[in-house]
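1. sequence first, predicted coordinates after that:
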2 protein chains.
Amino acid sequence: MNRDSDVKENEKQTIKMPALARQRLGNQVADVLRAQILLGQLKPGDVIPERETSAALGVSRTPLREALLVLEAEGLIEMSPSKSPVVANPSLLELTEMLLVQSALEALAGEIACSKATQSDIEAIEEIHNRMVATAQDADPITFFQIDMSFHEAVVAASKNEALIKTHNRFHVRLWRARFLTAGKVATREVSVADHASIVKGLRARDEQKVSGSMRDHLRKVIDNVTAMYAQQKT
Amino acid sequence: MNRDSDVKENEKQTIKMPALARQRLGNQVADVLRAQILLGQLKPGDVIPERETSAALGVSRTPLREALLVLEAEGLIEMSPSKSPVVANPSLLELTEMLLVQSALEALAGEIACSKATQSDIEAIEEIHNRMVATAQDADPITFFQIDMSFHEAVVAASKNEALIKTHNRFHVRLWRARFLTAGKVATREVSVADHASIVKGLRARDEQKVSGSMRDHLRKVIDNVTAMYAQQKT
DNA sequence: CTATAATATTTGGTATACCATATAAAATAT
DNA sequence: ATATTTTATATGGTATACCAAATATTATAG
């Protein structure tokens, strides 16, 4: 490859793309902490002392604090004066409230997706569904759960509504742990698969009513599952 | 007044209530800036330089910055590296997307409110509606608009769903300016009043279907109003 | 006078220093 | 030995100092 010719070709642009490079340190730290919370490495009730954590991550307290504020706004942690931030531990009431909102959001997403999704969007959703069907019997809980979640993400993304996608993701993250803990039961898997099949069918037919209703009902079943788990946990 | 007796009476409690006192400075600053944005004292496109603004508010850059991060998370301002934060100026597309989400949220709120609202909640909503009817003909745009908005807030609050209330408020704030600019037309007032009347009627009957549908349709009309305003503005 | 390069200045981003308060520990009086 | 007061320490909250990059300004070469 000729170096000189390359230089000549590029002489006017000087690469000119910072593009996806620069991001605030605080956001990167927030991503790390958020991932740790979702992966269960940071469990509800765990504290996140500022000095200790910032030192562990090799940053100063300023961006660490910035990250904590982001996570607080997302509802993943709780901060109170003179106390170390603590990973949020949503009550059953809070979870059901959030799931109700999520059901409305996903219902809307399904409705919009019927008109806004491209054919390849729907095919991609179908592909996720097929993978879920294939792994319903034997896959480990984590894998199955992640496929399940990606299905919902894909439908919401197909709505092409940024505000909706962002708001949905907000609850998605906060509900992650509780949904994971309840998704383990293989018994509920078949129901989920059936619900998803109905949603896919509706999307192919671009039947707004059907998809919207299916999404909504599907999510409301999750409320029952979570409630059941909490009741069982008390025992 | 006898000092000693006072001391004796208070000896056990020492006032003991910090209660509603302490809040982070950053949040207070965020409240101030948010209010300025909502009141139009800070318009879309206006910049908020950190040093200048923090000096004006009499705080250091740290809490000011904390406030900016909050407002950025709320979507009220936009921050980019090496540039002063700027008050967000949502496009028509963004506004319609947010209004669609808001319509779903308010529909859900109306539905839930039918079962969760107390009788006095409904009476309070009715009272707001009556005030709106009374001032529909002559009140200045600001007053009418504020009553209109408080009606929606009251219905959502009646759902008693914290996640819903918070999420709704998020969009409520971001949509505030655009809705205010479109709410001026007296022509649209009558339609709004009629819609609200239908909602109140449904709430009294605790008819979930009706209230939910009315809320949703009412909000979707706002999309048309906003779209019309943008089209007219181009002219 | 114009174009270009060097420099000064302003910006947000980050690190550090300091402060107030809440909590834990220790000392002392009962 | 216990209860109470005092003191030490650790925590988050805030202010300041410093840095890098982007931009505006000025000087200089053409």
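-> Ah, there it is.
2. quick one: the helices in chain A?
-> A:3-10, A:25-38, A:50-57, A:61-74, A:92-116, A:119-135, A:141-158, A:162-183, A:186-205, A:208-234 (DSSP state H).
3. tell me the buried residues in the longest one?
-> By neighbour count on 16 or more other C-beta atoms under 10 Å in any protein chain shown, the buried set for helix A:208-234 is A:208, A:210-216, A:218-219, A:222-223, A:225-226, A:229-230. Where C-beta positions appear, they are placed from N, C-alpha and C, glycine not excepted.
4. same thing with the fourth one?
-> The neighbour-count criterion (16+ other C-beta under 10 Å) identifies A:63-74 as the buried residues of helix A:61-74.
5. excluding chain neighbours, what is closest to the residue of chain A found nearest DNA strand D?
-> The nearest approach of chain A to DNA strand D comes at residue A:84, 2.9 Å away (C-beta to the nearest atom of the strand). Excluding its sequence neighbours, the residue lying closest to residue A:84 (C-beta to C-beta, 6 or more residues apart in numbering or on different chains) is residue A:47, at 4.2 Å.
6. for that neighbour, give me its contacts.
-> Neighbour list for residue A:47: A:84-87 [criterion: C-beta atoms under 8 Å, 6 or more residues apart in numbering or on different chains].
7. please redo it, this time with the cut-off set to 10 Å
-> By C-beta atoms under 10 Å, 6 or more residues apart in numbering or on different chains, the residues touching residue A:47 are A:53, A:77, A:83-87.
8. sorry, back to before: can you narrow the buried residues of helix A:61-74 to ones near DNA strand C?
-> A:63, A:66 (C-beta under 7 Å from any atom of the strand).
9. ok, the buried residues of helix A:61-74 vs residue B:142, which is closest?
-> For the buried residues of helix A:61-74, the minimum distance to residue B:142 (C-beta to C-beta) is 29.5 Å, reached by residue A:73.
10. separation between the closest one and residue A:198?
-> Distance of residue A:73 to residue A:198, computed by C-beta to C-beta, to the nearest Å: 35 Å.
11. ok, now residue A:80?
-> Distance of residue A:80 to residue A:198, computed by C-beta to C-beta: 44 Å.
12. how's chain A carved up into domains?
-> Domain assignment for chain A, taken from automatic domain parsing, gives A:25-87, A:92-234.
13. let me see the mean pLDDT of the last one.
-> Think domain A:92-234. Regarding domain A:92-234, the rounded mean pLDDT is 94.
14. may I see the buried residues of stretch A:178-187?
-> A:178-183.
15. nope, stretch A:141-159 is what I meant
-> For stretch A:141-159, a neighbour-count test (16+ other C-beta under 10 Å) marks A:144-145, A:147-149, A:151-159 as buried.
16. contact distance from DNA strand D - what residues of chain A qualify?
-> A:18, A:22, A:47-52, A:61-62, A:65, A:79-85.
17. I figured residue A:169 hits residue A:153, correct?
-> Yes. Using C-beta atoms under 10 Å, residue A:169 is in contact with residue A:153, at 7.8 Å.
18. now residue A:88: how far from residue A:95?
-> Between residue A:88 and residue A:95 the distance is 11 Å, computed by C-beta to C-beta.
19. ok, back up a step: keep only the buried residues of stretch A:141-159 that also lie close to chain B.
-> residue A:159 (C-beta under 10 Å from any C-beta of the partner chain).
20. going by distance to residue B:132, which of the buried residues of stretch A:141-159 wins?
-> Using C-beta to C-beta, the buried residues of stretch A:141-159 come closest to residue B:132 at residue A:159, 33.1 Å.
21. residues touching that closest one, list them.
-> A:105-106, A:108-117, A:121, A:165, A:168, B:97, B:100-101.
22. mind doing that once more with 7 Å?
-> Residue A:159 makes contacts with A:109, A:112-113, A:116, as judged by C-beta atoms under 7 Å, 6 or more residues apart in numbering or on different chains.
23. what two of those residues are the furthest from one another?
-> A:109 and A:116 (9.7 Å).
24. show the backbone phi and psi for residue A:40.
-> phi 80, psi 10 (degrees, to the nearest 10).
25. grab the nearest non-local neighbour of it.
-> residue A:177 (6.8 Å).
26. quick check: that neighbour vs residue B:211, distance?
-> In this view, residue A:177 and residue B:211 are 33 Å apart by C-beta to C-beta.
27. next one: residue A:169
-> Taking C-beta to C-beta, one finds residue A:169 at 28 Å from residue B:211.
28. chain B contacts on chain A?
-> A:22, A:66, A:69-70, A:73, A:81, A:94, A:97-98, A:100-101, A:104-105, A:108, A:161-164, A:167 (C-beta under 7 Å from any C-beta of the partner chain).
29. ok so, going back, and the residues of chain A next to DNA strand D, which are buried?
-> Judged by 16+ other C-beta under 10 Å, buried ones among these: A:48, A:65, A:84-85.
30. of all the residues you listed, which two lie farthest apart?
-> Largest separation among these by C-beta to C-beta: A:65 and A:84, giving 12.0 Å.
31. still on that earlier bit, closest to DNA strand C among the buried residues of helix A:208-234?
-> residue A:230 (28.6 Å).
32. you'd agree the closest one is up against residue A:92?
-> Yes. In this structure residue A:230 lies within contact range of residue A:92 using C-beta atoms under 7 Å: 4.6 Å.
33. number of nearby residues for residue A:139?
-> Neighbourhood size, residue A:139 [other C-beta atoms under 10 Å in any protein chain shown]: 16.
34. nearest residue to it other than its sequence neighbours?
-> residue A:147 (7.8 Å).
35. how much space separates that neighbour from residue A:42?
-> As for residue A:147, its distance to residue A:42 is 24 Å (criterion: C-beta to C-beta).
36. got it, and residue A:168?
-> Remark: distance between residue A:168 and residue A:42 (C-beta to C-beta) = 23 Å.
37. more neighbours: which of the two?
-> Applying other C-beta under 10 Å to residue A:168 and residue A:42 shows that residue A:168 carries more neighbours, namely 24 against 19.
38. residues touching the more buried one, list them.
-> Shown in contact with residue A:168 (C-beta under 7 Å, 6+ apart): A:105-106, A:109, A:156.
39. wouldn't the residue nearest to residue A:139 be in contact with residue A:133 here?
-> No. Counting by C-beta under 7 Å, residue A:147 sits too far from residue A:133 to count as a contact (9.6 Å).
40. re the thing from before, what is the residue nearest to residue A:84 paired to in the beta sheet?
-> Taking DSSP bridges, one obtains residue A:86 as the residues bridged to residue A:47.
41. re the thing from before, pull the most distant pair out of the buried residues of stretch A:178-187.
-> Taking C-beta to C-beta as the measure, these span a maximum distance of 9.5 Å, between A:178 and A:183.
42. and for residue A:76, the neighbour number?
-> 25.
43. got the phi and psi for it?
-> Backbone torsions of residue A:76, given as degrees, to the nearest 10, read phi -90, psi -30.
44. hang on, isn't it packed against residue A:35?
-> No. Counting by C-beta under 7 Å, residue A:76 does not reach residue A:35; the two are 10.9 Å apart.
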